[in-house]
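Asks: return atomic coordinates for the entry below.
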Amino acid sequence: MVSWSDDTQAAWELYAHELAQLPGVVAISTGRRIRDGKETREQTVVVTVRRKLPLSQLPSSAIVPRELPLPDGTIVGTDVVEDPSSVYSPDQDRASYRPVPGGCEIGPVGSTFLGTLGGWFCAPNPDGRGWDTVWLTNAHVADPWTFSAVPADARMRQPQGGGVIGNSTAVNGWPQPLPATGTTLNGVTDAAIGVLDPAVDPDFQVLQIAPAPFEIDAVTAGLAVQKRGRTTRLRTGTVQTQPGGTPFLAATVNSPAGGQVWFGLPGQPRMFRIVSPGTGIGNAFGMPGDSGSLVFANNAGQIASTFPCVGLYFAGNGAWVASQPNPNAWTVTGLAFDIGNVMAQMNLETVCTCVVRSILDAIFGRRSVDSSDSMSAREAVVRSESMMRRFRAKVLENSSVGKTIAAAIAETVPDIARVLASDPTAYGLAVDLLEPWASEATSLGVLARTLDEATVSTAVALAERVMRMAPDTGETIEPLINLMKDNEGESIRKLIGTYRPGRPPKPEKGDETGKQRGTK
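Replies: Numbers count the residues shown, from 1 in each chain. Modelled structure (predicted):
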């Protein structure tokens, strides 16, 4: 005969899904019955509700059964307990991921507060040399006491067996630990960044959505958006239009440490509200635990396989709605910061941008700078990056073959960036490949370059490495490599075909330019 504890577990497994459908139920577990505030020896299936009502106020379909019969005739009792602070969601994702993606659970060591690792960005290395891959989440996730003078443990973990994954490095732009004043939040974005432990790898994906993010866009009123959080997983919503037609507003937000804080006031980082597609917590865009999620547009961006990131989710009225007697009658909304403001506040760039800058840093850092040259390595990186952007926008987009090359870059850049960020061999090949071009000051200098044997050989080795680690890129990359092989020994100008530079705009009438100015 099985023991009583085995019967209780069997009853939990048999009835948990049925009990979860009852209104107001937030958790089902096993435990000892509580009577008159004291724990007894009787083991039961414990049903937790937000609010415990008299039976006379409940329809028969909403009443938790007193007894749960098992197939062998054994009866297991139930115990209903009240917990107004509980949040129930059948979608909670408590898993630990390796490598670590965006959209997963994260929380500080020593705290029961849980939130979401939004996604991956890059930040300047503290020593001023190169860039670090960083995660982005909320300040109140990385440090639940951020409104107070007590800093949290900087170590971050994935609670379900994942252990410590890394450290928070800056909360609201302040390096850890937080300053003792604890006054950094008013007028500052509710954001924090951190770095992984060297033994833990990042996955430059946001679960169920898209890479990293690799593309940033401005938020607009009425925009259809989506987010992936640890509590409700993938949810959609719409950016609310405010009076005057803009998406931005100011509002007070409850602090985890008590009290309220204003966000979105003039001169502060901009904030917008997201409306869920229907009433009730089942449609909620976000719930407690989703804090730190990145908000993406629903429409695909210019870079293939990506959605533009527009915001950082940090608060909502989901917990308040859930505490109402009839939560399905209430509209659930969420609040998010404009992602451009967050990135400016935290000095962040996209992973793609940082991969390019890191390569340029490596190129100019390993060159000995002539003492007579007043340009520093950092200035050389900025100039080179600017030249490369102009070359892509002004040359490739205006040439016969260049448009095909530019489209191929847009299609494969997320995969290539992930490979370069995670594979030292591919990264080294990229440095070697770009070094001859990086020193050119203008697009004309690049056009005059010759595809020599060493360049083609390095490009082939890099392409083979990328295609091996990201097989889906093969269909796009292989034709470009064949094109380079066929044009070995030729100039870049010949490779990309006819180049038609854009004409400067004509001066408007009355503009004192050209001959008029010359005759005065």
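Asks: in the stretch 351-500 of the chain, where is pLDDT below threshold?
Replies: 366-375, 498-500 (pLDDT under 70).
Asks: check the secondary structure at the nearest residue to Gly402 once chain neighbours are set aside for me.
Replies: Distances taken as CB to CB, 6 or more residues apart in numbering place Leu396 nearest to Gly402, at 3.5 Å, with adjacent residues excluded. The C-beta positions use only the backbone N, C-alpha and C, and glycine is treated the same way. The three-state label given to Leu396 by DSSP: H, G, I helix; E, B strand; the rest coil is helix.
Asks: from here on, call the first residue 58.
Replies: Right, with 58 as the first residue, what we last looked at is Leu453.
Asks: surely Leu453 meets Ala464?
Replies: No: using CB atoms under 8 Å, Leu453 is not in contact with Ala464, being 9.3 Å away.
Asks: have a look at these two and say which one is more surrounded.
Replies: Neighbours around Leu453 and Ala464, counted as other CB atoms under 10 Å, are more numerous at Leu453. The numbers are 19 against 14.
Asks: show me what contacts the more buried one?
Replies: Gly459, Lys460, Ile462, Ala463, Ile553 (CB atoms under 8 Å, 6 or more residues apart in numbering).
Asks: kindly recompute the last result at 10 Å.
Replies: Contacts for Leu453 (CB atoms under 10 Å, 6 or more residues apart in numbering) come out as Gly459, Lys460, Thr461, Ile462, Ala463, Ala464, Ile466, Ser500, Ile553, Tyr556.
Asks: how far is stretch 485-504 from where the chain is centred?
Replies: 31 Å (CA atoms, centre = their mean, to the nearest Å).
Asks: again with stretch 404-424
Replies: 20 Å.
Asks: repeat that for stretch 108-120.
Replies: Stretch 108-120 sits 42 Å away from the centroid of its parent chain (CA atoms, centre = their mean).
Asks: before we move on, what about stretch 149-167?
Replies: Worked out by CA atoms, centre = their mean, stretch 149-167 lies 13 Å from the chain centre.
Asks: what's the single longest helix in this protein?
Replies: helix 459-479 (DSSP state H).
Asks: which other helices and strands does it contact?
Replies: strand 176-181, strand 259-263, strand 267-268, helix 408-422, helix 481-495, helix 510-526, helix 531-543, helix 549-553 (3 or more CB pairs under 10 Å, 6 or more residues apart in numbering; DSSP states H and E).
Asks: quick one: buried residues of that helix?
Replies: Of the residues in helix 459-479, 459, 461-463, 465-479 count as buried by neighbour count, 16 or more other CB atoms under 10 Å.
Asks: which of the helices and strands packed on helix 459-479 sits closest to Leu291?
Replies: Between Leu291 and the helices and strands packed on helix 459-479, the tightest spacing by CB to CB is seen for strand 259-263, at 9.8 Å.
Asks: pLDDT on the closest one, on average?
Replies: The average of the pLDDT scores along strand 259-263 is 89.
Asks: chain center to that strand: distance?
Replies: With CA atoms, centre = their mean, you get 9 Å for strand 259-263.
Asks: which residues touch the residue most central in space within the chain?
Replies: The centroid of the chain falls nearest to Gly176 when counting by CA atoms, centre = their mean (2.5 Å). Gly176 makes contact with 158-160, 192-194, 259, 261-264, 266-271, 285, 349-351, 353, 366, 369, 396, 407-408 under the criterion CB under 10 Å, 6+ apart.
Asks: try 8 Å
Replies: Gly159, Gly160, Trp192, Leu193, Val263, Ala269, Pro270, Leu351, Cys366.
Asks: run a quick neighbour tally on the first one.
Replies: To tie it back to what came earlier, the one meant is Gly159. The burial count for Gly159: 31, using other CB under 10 Å.
Asks: if it is in a bridge, with which residues?
Replies: Val263 (DSSP bridges).
Asks: likewise for the third one?
Replies: Taking DSSP bridges as the rule, Trp192 bridges to Trp177, Gly251.
Asks: that one against Gly172, yeah?
Replies: No: in this structure, Trp192 is not within contact of Gly172 by CB under 8 Å, at 11.2 Å.
Asks: now do the shared contacts for those two.
Replies: What both Trp192 and Gly172 touch, as defined by CB under 8 Å, 6+ apart, is the set Ile163.
Asks: what are the phi and psi values at Asn374?
Replies: Per-residue torsions, Asn374: phi -100, psi 20 (degrees, to the nearest 10).
Asks: tell me the SS of the closest residue to it other than its chain neighbours?
Replies: Leaving aside its sequence neighbours, Asn374 sits nearest to Thr390 (CB to CB, 6+ apart; 5.7 Å). Put simply, Thr390 is strand when judged by three-state DSSP.
Asks: can you check the one 4 residues further on too?
Replies: Counting by three-state DSSP, the backbone at Phe394 sits in strand.
Asks: for Val399, see how far away the closest residue to it other than its chain neighbours is.
Replies: The shortest distance from Phe394 to any residue other than its chain neighbours is 4.8 Å, reached at Leu369 (CB to CB, 6+ apart). Separation of Leu369 from Val399 (CB to CB, to the nearest Å): 5 Å.
Asks: what of Tyr484?
Replies: 27 Å.
Asks: out of those two, which sits in the busier spot?
Replies: Between Tyr484 and Val399, counted using other CB under 10 Å, the more crowded position is Val399 (26 against 19).
Asks: now do the helices in the stretch 308-457 of the chain.
Replies: Remark: helices assigned in the stretch 308-457 of the chain by DSSP state H, counting those that start in this stretch are 375-379, 396-403, 408-422, 434-447.
Asks: how far off helix 459-479 does the third one point, in degrees?
Replies: Regarding helix 408-422 and helix 459-479, their directions subtend 80 degrees when assessed with axes from the mean of the first three to the mean of the last three CA atoms, to 10 degrees.
Asks: so who does Phe329 touch?
Replies: So Phe329 contacts Val276, Val296, Gln297, Pro304, Phe305, Leu306, Gly368, Leu392, Ala393, Asp395 (CB under 8 Å, 6+ apart).
Asks: next one: Ala393
Replies: So Ala393 contacts Met328, Phe329, Ile331, Val352, Val367, Gly368, Leu369, Tyr370, Phe371 (CB under 8 Å, 6+ apart).
Asks: now do 7 Å
Replies: By CB atoms under 7 Å, 6 or more residues apart in numbering, the contact list for Ala393 reads Phe329, Ile331, Val352, Gly368, Leu369, Tyr370, Phe371.
Asks: got a ChimeraX select line for the buried ones in the residues you listed?
Replies: Selecting the buried subset of those in ChimeraX, with 16+ other CB under 10 Å as the burial test, is done by:
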select :329,331,352,368,369,370,371
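Asks: and which of the contacts of Ala393 is nearest to Tyr154?
Replies: Using CB to CB, the contacts of Ala393 come closest to Tyr154 at Tyr370, 19.4 Å.
Asks: tell me the pLDDT at the closest one?
Replies: pLDDT, Tyr370: 97.
Asks: wait, doesn't it sit right on Met344?
Replies: No: if you go by CB atoms under 7 Å, Tyr370 and Met344 don't touch, sitting 10.6 Å apart.
Asks: which neighbours do those two share?
Replies: Common contact partners of Tyr370 and Met344 (CB under 7 Å, 6+ apart): none.
Asks: which parts of the stretch 108-257 of the chain are strands?
Replies: Using DSSP state E, counting those that start in this stretch, the strands found in the stretch 108-257 of the chain span residues 124-126, 132-139, 157-159, 161-165, 172-174, 176-181, 188-194, 212-215, 220-228, 231-232, 249-253.
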